[in-house]
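# model this:
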Amino acid sequence: MTVAPLPLEPPPVSMRALTKLYGDRVAVENMTLDVGPGELFGFLGPNGAGKTTTIKMLTGLLRPTFGTAAICGHDSVHDGMRARSLAGYCPDTPSLYERLSGREMLALSADLYGVPRELQAARIDPMLESFGMLEHADELVQSYSRGMRQKLSLGCALLHDPQVLFLDEPTVGLDPAGARQLKNILRRLCAEGRTVFLSTHVLEVAELLCDRVGVVQRGRLLTVGTPAELRAVGGDQSLEEAFLRITGGGDSDLRPILRALDA
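Predicted structure coming up:
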């Protein structure tokens, strides 16, 4: 008698034929993808490729036109509250309350996620300290630099201890020390079994950090693989070369600009 294998746990991030239309314009087209536990996945593409739209559908901020998006097996539309409780989201432009202090902003985020006050007390100061922001904790957010806002937004996304963390262009506004700090935090989260879904157009970040990457262009997922796999297919020396080959970019894109400058 053949014994059927036990069903596997649902993947932390799952898309099936995920599609978003705005009238006649296709923002995301028929994306199907699974991202596993402990994986740091890079979602690569130029500005306007559909990266942010995809993340917003995964987190339930946008409703798909067709297809499904799920977090840990919970549909982002039909079981949205549960899906969002398991995820943290750090947008490319942090959305923070200017007239709150950094500490108050973290407490508000924790309240919204239902984190008990005793846990908040145990988590907020250590998080501020790990980001190098403890001395600025009681200053108003309106006085924060872009990098400090980015760190605070990340803290708000992490405070409820999510299973999946979505980051949209997370290194924008960070200085080299802040970027290194972010990399260490993300690797530690993945080592603990969390899943990180990171959107970026900075290929050096993806090459250094990501276990796998997906290349997206004009709303379509063109290919998925490890950075080494993507380089090996075309004999490329870097992920940047592989990305340009896959997306059809390269020096030819500069010709209209150069012709205009020469005119």
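
# which SS state does the nearest residue to G214 once chain neighbours are set aside fall under?
Using C-beta to C-beta, 6 or more residues apart in numbering and skipping residues adjacent in sequence, the residue nearest G214 is V224, 4.5 Å away. For the C-beta atoms, the positions are set from N, CA and C on the backbone; glycine is no exception. When classified by DSSP: H, G, I helix; E, B strand; the rest coil, V224 comes out as strand.

# my read: V224 touches V216, true?
No. Assessed by C-beta atoms under 8 Å, V224 is found out of contact with V216, at 9.8 Å.

# before we move on, back to that, contacting residues around the residue nearest to G214?
Counting by C-beta atoms under 8 Å, 6 or more residues apart in numbering, V224 touches 33, 212-215.

# Recalculate using a threshold of 7 Å.
33, 212, 214 (C-beta atoms under 7 Å, 6 or more residues apart in numbering).

# Can I get the helix or strand containing the last one in PDB, CA atoms only?
Assigned by DSSP states H and E, G214 belongs to strand 212-217. What follows is strand 212-217, C-alpha atoms only, in PDB (Å, rounded to 0.1, in the frame of the first residue of the first chain):
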ATOM      1  CA  ARG A 212      16.600  33.900  -4.500                       C
ATOM      2  CA  VAL A 213      15.400  36.700  -6.700                       C
ATOM      3  CA  GLY A 214      12.600  37.200  -9.100                       C
ATOM      4  CA  VAL A 215      13.000  39.600 -12.100                       C
ATOM      5  CA  VAL A 216       9.800  41.600 -12.900                       C
ATOM      6  CA  GLN A 217       9.200  43.900 -15.900                       C
END
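
# going forward, begin numbering at 3 instead of 1
Sure, I'll start counting at 3 from here, so that last one is strand 214-219.

# So which elements touch it?
The contact analysis (3 or more C-beta pairs under 7 Å, 6 or more residues apart in numbering; DSSP states H and E) places strand 214-219 against strand 42-46, strand 222-227, helix 241-249.

# Who does the shortest one pair with, and is each partner parallel or antiparallel?
Spelled out, that is strand 42-46. If you go by DSSP bridges, strand 42-46 pairs up with strand 197-202 (parallel), strand 214-219 (parallel).

# Which residues outside whichever helix or strand comes after it are in contact with it?
Moving toward the C-terminus from strand 42-46, the next helix or strand (DSSP H and E) is helix 53-60. The list of residues contacting helix 53-60 from outside it, by C-beta under 7 Å, 6+ apart, reads 15, 20, 22, 29-30, 33, 45, 47, 64, 66, 71, 73, 78, 94, 168, 170, 201, 218.

# one more time with 6 Å
Contact partners of helix 53-60, identified using C-beta atoms under 6 Å, 6 or more residues apart in numbering, comprise 22, 29-30, 45, 47, 64, 66, 71, 78, 168, 170, 201.

# quick one: which two of these are the most distant?
For these, the maximum inter-member distance is 20.6 Å, found between G47 and S78 (C-beta to C-beta).

# Settle it for me: which of the two has more neighbours?
S78 (26 against 23; other C-beta atoms under 10 Å).

# Next one, pLDDT for the closest residue to G47 other than its chain neighbours please.
The shortest distance from G47 to any non-neighbouring residue, by C-beta to C-beta, 6+ apart, is to V218 (4.0 Å). In this model, V218 is scored at 94, pLDDT.

# I figured V218 was touching G50, is that so?
No. Judged on C-beta atoms under 6 Å, V218 makes no contact with G50 at a distance of 10.5 Å.

# ok, back up a step: most surrounded residue in the contacts of V226?
Neighbour-wise, the contacts of V226 (other C-beta under 10 Å) top out at G216, 24 neighbours.
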